[in-house]
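Undergrad: the following comprises the amino acid sequence and a computationally predicted model.
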Amino acid sequence: MIFKSGSAIQTEQIGSELAKKLKPGDFVALYGDLGAGKTAFVRGAVSVLNPRAPVCSPTYSIVNCYGGDPRIYHFDLYRIENEDDLYSTGYYDYVEEGAIVFCEWCEKVPSAIPENAIKVTIKGDGDSERVIEIC
Ligand SMILES: Nc1ncnc2c1ncn2[C@@H]1O[C@H](COP(=O)(O)OP(=O)(O)OP(=O)(O)O)[C@@H](O)[C@H]1O
Ligand SMILES: [Mg+2]
């Protein structure tokens with residue numbers, strides 16, 4: 001499916017529509033350049049799954065947990081170089097526990113992304129319109 005988004009709010013809305021279809025154990029892999037809107041997309045999705053959770057970028061923390069049942073985890077692999085780095089964050093435990101996982105910068109460690117992941121690719125940046133592909 002392909003969507004167009006003219007604002008961060010619209011990108012959040014597209015994220016919230018996807019969230020309504022998510023099940024425990026789903027992994028949402030996000031692709032796109034710096035500032036594409038990956039975190040905005042996750043913010044919209046989490047607003048449906050656990051409305052009180054404040055979503056912020058895990059660029060430095062690597063992973064944020066937003067509570068919920070099932071648990072919601074938000075990874076950002078921007079600063080991760082390889083699978084060993086990722087292992088030390090507990091990533092593989094989170095992915096296996098039946099949580100819903102959102103993961104930004106999946107380009108960084110392609111081998112760590114589950115084959116059955118829902119892939120969200122956001123093209124565009126700055127003030128330009130975004131093209132969001134979900135497959
Ligand atoms: N259509 C749009 N969709 C999403 N964000 C938009 C859009 N138009 C403008 N923006 C702006 O682009 C920025 C997107 O920031 P966001 O943190 O979501 O990007 P990101 O892809 O997570 O970046 P990073 O790679 O640094 O994690 C915000 O400042 C937002 O206001
Ligand atoms: Mg981000």
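TA: Everything's here; your move. Residues are numbered from 1 along each chain as shown. Ligands and ions are numbered 1, 2, ... in the order given.

Undergrad: what sits against the residue found closest to Lys23 once you drop the neighbours it is linked to in the chain?
TA: Closest residue to Lys23 apart from its sequence neighbours, by Cβ to Cβ, 6 or more residues apart in numbering: Ile100 at 7.9 Å. Where C-beta positions appear, they are placed from N, C-alpha and C, glycine not excepted. By Cβ atoms under 8 Å, 6 or more residues apart in numbering, the contact list for Ile100 reads 22-28, 49, 68, 70-73.

Undergrad: what do you get if the cut-off is 10 Å, keeping everything else the same?
TA: 19, 22-28, 45-46, 49-50, 66, 68, 70-74 (Cβ atoms under 10 Å, 6 or more residues apart in numbering).

Undergrad: go on, Glu129?
TA: By Cβ under 10 Å, 6+ apart, Glu129 lies in contact with 4-7, 10, 123.

Undergrad: most widely separated two among these?
TA: Ser7 and Lys123 (15.5 Å; Cβ to Cβ).

Undergrad: give me the pLDDT for the residue nearest to Asp26 when sequence neighbours are not counted.
TA: Nearest residue to Asp26 in three dimensions, chain neighbours excluded: Ile100, at 5.4 Å (Cβ to Cβ, 6+ apart). For Ile100, the model assigns a pLDDT of 97.

Undergrad: and which of the contacts of Glu129 is nearest ligand 1?
TA: Ligand 1 has its nearest neighbour among these in Ser5, at 4.0 Å by Cβ to the nearest ligand atom.
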